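>>> The sequence isn't on hand, but the structure is:
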């Protein structure tokens, strides 16, 4: 069950936010997004922002990073940071995911609230879905990759095959009229 609920955002809304960030950074034409380098730039763009690389044993095995929106702080496992620095797609996506939380909750003023009743929440109101969507849209820009197959997306964008196939499918879905 989702612990928090955020303002609704569609994939198109989130795609637009990812494009705004790319454009602000002058990276709108870059297929391979430099996600690790963005961490250092964010410290200059957002004065309150900070991040730290922590030893792997700080988090449980299934947690790779977290974002503290109240303190504008991201923590990333050392192995995830190292993997992202070496171009490992899953690790690059993890960092993009946490940046998505930060960007949407701290910078864009998206409101969130506790889900005390533990009710089922549609994905477009889930902060986890929104951050995952943002990460995919940031690392796999639909405009730049629309003519690529998933294997080209993996190679050009530095994401996992699972992420590439998912983004490819989302780019090519036909909407029901």
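That came through, no problem. A quick note: this is a predicted structure, and the numbers were derived from the prediction, not measured.

>>> use CA for all of it now, contacts and neighbours both
Fine.

>>> Could you tell me how many residues sit around residue 149?
12 (other CA atoms under 10 Å).

>>> what's the distance between it and residue 81?
27 Å (CA to CA, to the nearest Å).

>>> And the helices in the protein?
Taking DSSP state H, the helices of the chain run over residues 11-24, 35-45, 78-85, 89-102, 127-139, 142-145, 150-157, 161-172.

>>> And stretch 58-69, what's buried?
64, 65, 66, 67, 69 (16 or more other CA atoms under 10 Å).

>>> thinking the second one is in contact with residue 78, fair?
No - contact criterion CA atoms under 8 Å: residue 65 and residue 78 do not qualify, at 9.5 Å.

>>> picking that back up, looking at the buried residues of stretch 58-69, spot the one nearest residue 154.
Closest approach to residue 154 among those (CA to CA): residue 64, at 21.2 Å.

>>> With adjacent residues omitted, what lies nearest to the closest one?
residue 77 (5.6 Å; CA to CA, 6 or more residues apart in numbering).

>>> Show me where the chain dips below the pLDDT cut-off.
The model of the chain has pLDDT under 70 over residues 1-2, 107-119, 174-177.

>>> Go again with 90.
1-8, 40, 43-46, 69-70, 103-127, 172-177 (pLDDT under 90).

>>> Do me a favour and get the end-to-end distance for stretch 149-164?
Using CA to CA, the two ends of stretch 149-164 sit 8 Å apart.

>>> How much space separates the residue nearest to residue 138 when sequence neighbours are not counted from residue 124?
The shortest distance from residue 138 to any residue other than its chain neighbours is 5.0 Å, reached at residue 18 (CA to CA, 6+ apart). Going from residue 18 to residue 124 by CA to CA gives 16 Å.

>>> what about the two, which has more around it?
More neighbours surround residue 18 than the other of residue 18 and residue 124, with 25 against 17 (other CA under 10 Å).
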